[in-house]
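Engineer: next input, structure requested:
(chains A, B, C and D)
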Protein chains: 2
Amino acid sequence: MKKGTTKERIVEEASRLFAKKGYEAVNVEAIAQAVGIKAPSLYKHYRNKQELFDAVVAEMNSRYEETMSAFQMDGYEGEADAPLFAEKTEEQLVVIGIQFFMFFLHDDYASNFRKLLTIEQFQIPRLAALFTQQYTDKPLAYQEKLFTLLIEADVLRECDPKIMTLHFYSPIQLLLTLCDRQPEREPEALRTLEQHIRQFYTLYQKGTDTHE
Amino acid sequence: MKKGTTKERIVEEASRLFAKKGYEAVNVEAIAQAVGIKAPSLYKHYRNKQELFDAVVAEMNSRYEETMSAFQMDGYEGEADAPLFAEKTEEQLVVIGIQFFMFFLHDDYASNFRKLLTIEQFQIPRLAALFTQQYTDKPLAYQEKLFTLLIEADVLRECDPKIMTLHFYSPIQLLLTLCDRQPEREPEALRTLEQHIRQFYTLYQKGTDTHE
DNA sequence: GTCTATAAGAAGATAGAC
DNA sequence: GTCTATCTTCTTATAGAC
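Structural biologist: Numbers count the residues shown, from 1 in each chain, chains lettered A, B, ... in the order given. Predicted coordinates:
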């Protein structure tokens, strides 16, 4: 017996399996076996496979939101951090970018949630919306606030902060999904990530400006 | 009866279904029904479901490569186009970016191939590698050649062309996958796409340069 | 709450007539 | 090459003992 109640362990193992193989390819017996019980016992905790799947999505989303809160990426206003960035902005961006990248790549729940949404996004419209919200809209909204502050603080050049944010975030997302697919390319992705952030900063830093 | 041999029609309908629902969720009867035959008849054309799936992937990849050839994005060297870009580079980039985007978003085979690889990438290592090759490595390699020429032609600033290419391409990929998930956001994505390319050009254009 | 036994149905695949 | 009939296996889910 491992830690947690059986019901918790079921969600945990189901999360791993659904994220790896998708809803259809996972059978209830495999989940039960991973937990160490027989399939019929599982029906004492969840009425059916679909309800278990819904519980998995709810649990993953809940954990993901907690994580985002820890990263201050949910409703974060960001005013407090701006002064920190006035100096050494480039190094700060590199550190933040790599930390963000490494955490989301290697955290089990974040990784499984991302894979599950990737696999099932075209099946269930609700998951498509959830995917966009959690992996596009929210991160972009958070970063945009930060960059807007850095523009106001004259650290970054004046331009559309929404696009600036897209330029910062989308390469990170591309590299993250690359590593999800092919973990063996992580070292290369990390090097590219750092180069990306440094070149991003060079392009967007204030002072050595263009007009336009 | 629609056009094409039965065998061709089977791959065609199977492509649509596999791309929409994934391998496991599609049953052979559904494919047969879409073609207008009974399931057992299908086994006269393909030995089993897996062989049909392999044929679908092969066919999609083949068509995709033809498409890329048409876009001169496979082994394209690009020397011929560089002069065109010396003038009106920004507008050219916008037109090319939007054309590329619209084609790959709406072309049935390109769209289905992308969705299929997205759904099945974690199941079959070969598909993961194929996904990266077709939707990351190849487009980046193609664009990098073009941008390298534009740097040499003093149209774009001197910097790492690999990262410059990543900055151009990754927002396009993000917006493309966004529209795959939520087609209703296409108008917004198109506006963002154009803004992205214009801001990309502003950042990278030569002349109004920084030192670094 | 867990088990064994089992129902009920779905899905892949084959046999053989036409 | 397409059909109907059928086989076999897998899978979800339930019944009921412990």
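Engineer: CA atoms for contacts and neighbours, from now on please.
Structural biologist: Fine.
Engineer: tally of neighbours for the closest residue to DNA strand D within chain A?
Structural biologist: Taking C-alpha to the nearest atom of the strand as the measure, the point where chain A comes nearest DNA strand D is residue A:27, at 3.1 Å. Residue A:27: 14 surrounding residues under other C-alpha atoms under 10 Å in any protein chain shown.
Engineer: how near is it to residue B:98?
Structural biologist: 43 Å (C-alpha to C-alpha, to the nearest Å).
Engineer: what's the answer for residue A:137, then?
Structural biologist: Taking C-alpha to C-alpha, one finds residue A:137 at 22 Å from residue B:98.
Engineer: ok, back up a step: so who does the residue of chain A closest to DNA strand D touch?
Structural biologist: By C-alpha atoms under 8 Å, 6 or more residues apart in numbering or on different chains, no residues touch residue A:27.
Engineer: now it: how far from residue A:17?
Structural biologist: 9 Å.
Engineer: next helix or strand past the helix or strand bottoming out on mean pLDDT in chain A?
Structural biologist: Within chain A, no helix or strand scores below helix A:82-86, which has a mean of 57 by mean pLDDT, DSSP states H and E. Using DSSP states H and E, the helix or strand that follows helix A:82-86 in sequence is helix A:89-106.
Engineer: just the pLDDT for residue A:77.
Structural biologist: The score at residue A:77 is 55. That number is its pLDDT.
Engineer: got the phi and psi for the residue lying closest to residue A:90 once chain neighbours are set aside?
Structural biologist: Closest residue to residue A:90 apart from its sequence neighbours, by C-alpha to C-alpha, 6 or more residues apart in numbering or on different chains: residue A:201 at 6.0 Å. Here is the backbone geometry of residue A:201 (degrees, to the nearest 10): phi -70, psi -40.
Engineer: do the same with residue A:153
Structural biologist: phi -80, psi 10.
Engineer: the one 4 residues further on too?
Structural biologist: Here is the backbone geometry of residue A:157 (degrees, to the nearest 10): phi -70, psi 160.
Engineer: check what pLDDT the nearest residue to it once chain neighbours are set aside gets.
Structural biologist: Nearest non-adjacent residue to residue A:157, counting by C-alpha to C-alpha, 6+ apart: residue A:206, 4.5 Å away. Residue A:206 is assigned a pLDDT of 87 by the prediction.
Engineer: correct me, but residue A:206 touches residue A:153?
Structural biologist: No. Judged on C-alpha atoms under 8 Å, residue A:206 makes no contact with residue A:153 at a distance of 9.8 Å.
Engineer: who's more crowded, the two?
Structural biologist: Applying other C-alpha under 10 Å to residue A:206 and residue A:153 shows that residue A:206 carries more neighbours, namely 18 against 15.
Engineer: for chain A, which spans come out with low pLDDT?
Structural biologist: Across chain A, the ranges flagged by pLDDT under 70 are A:1-2, A:73-87, A:208-212.
Engineer: change it to 90
Structural biologist: A:1-3, A:67-89, A:96, A:206-212 (pLDDT under 90).
Engineer: what about residue A:124, neighbour count?
Structural biologist: Each residue near residue A:124 was counted by other C-alpha under 10 Å, and the total is 11.
Engineer: contacting residues for residue A:55?
Structural biologist: Contacts of residue A:55 by C-alpha under 8 Å, 6+ apart are residue A:11.
Engineer: just the C-alphas of the helix or strand it falls within, formatted as PDB.
Structural biologist: Assessed by DSSP H and E, residue A:55 sits inside helix A:49-70. Provided in PDB are the C-alpha atoms of helix A:49-70 (Å, rounded to 0.1, in the frame of the first residue of the first chain):
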ATOM      1  CA  LYS A  49     -15.000   5.200 -16.500                       C
ATOM      2  CA  GLN A  50     -16.300   8.600 -17.700                       C
ATOM      3  CA  GLU A  51     -16.800   9.900 -14.100                       C
ATOM      4  CA  LEU A  52     -13.300   8.800 -13.200                       C
ATOM      5  CA  PHE A  53     -12.000  10.600 -16.200                       C
ATOM      6  CA  ASP A  54     -13.900  13.800 -15.200                       C
ATOM      7  CA  ALA A  55     -12.400  13.500 -11.700                       C
ATOM      8  CA  VAL A  56      -9.000  13.200 -13.200                       C
ATOM      9  CA  VAL A  57      -9.400  16.300 -15.300                       C
ATOM     10  CA  ALA A  58     -10.800  18.200 -12.300                       C
ATOM     11  CA  GLU A  59      -8.000  17.100 -10.000                       C
ATOM     12  CA  MET A  60      -5.300  17.900 -12.600                       C
ATOM     13  CA  ASN A  61      -6.800  21.300 -13.300                       C
ATOM     14  CA  SER A  62      -7.100  22.000  -9.500                       C
ATOM     15  CA  ARG A  63      -3.400  21.100  -9.000                       C
ATOM     16  CA  TYR A  64      -2.400  23.100 -12.000                       C
ATOM     17  CA  GLU A  65      -4.200  26.200 -10.700                       C
ATOM     18  CA  GLU A  66      -2.400  25.800  -7.400                       C
ATOM     19  CA  THR A  67       0.800  25.600  -9.200                       C
ATOM     20  CA  MET A  68       0.000  28.800 -11.200                       C
ATOM     21  CA  SER A  69      -0.800  30.500  -8.000                       C
ATOM     22  CA  ALA A  70       2.600  29.600  -6.600                       C
END
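Engineer: hmm, that helix in reach of DNA strand D?
Structural biologist: Yes. With C-alpha under 7 Å from any atom of the strand as the criterion, DNA strand D is reached by helix A:49-70 at A:49, A:50.
Engineer: could you check the angle that helix makes with helix A:89-106?
Structural biologist: 160 degrees (axes from the mean of the first three to the mean of the last three C-alpha atoms, to 10 degrees).
Engineer: near DNA strand D, which residues of chain A?
Structural biologist: Within reach of DNA strand D by C-alpha under 7 Å from any atom of the strand, chain A has these residues: A:24-29, A:39-40, A:43, A:47-50.
Engineer: kindly recompute the last result at 10 Å.
Structural biologist: By C-alpha under 10 Å from any atom of the strand, the residues of chain A that approach DNA strand D are A:23-32, A:38-44, A:46-53.
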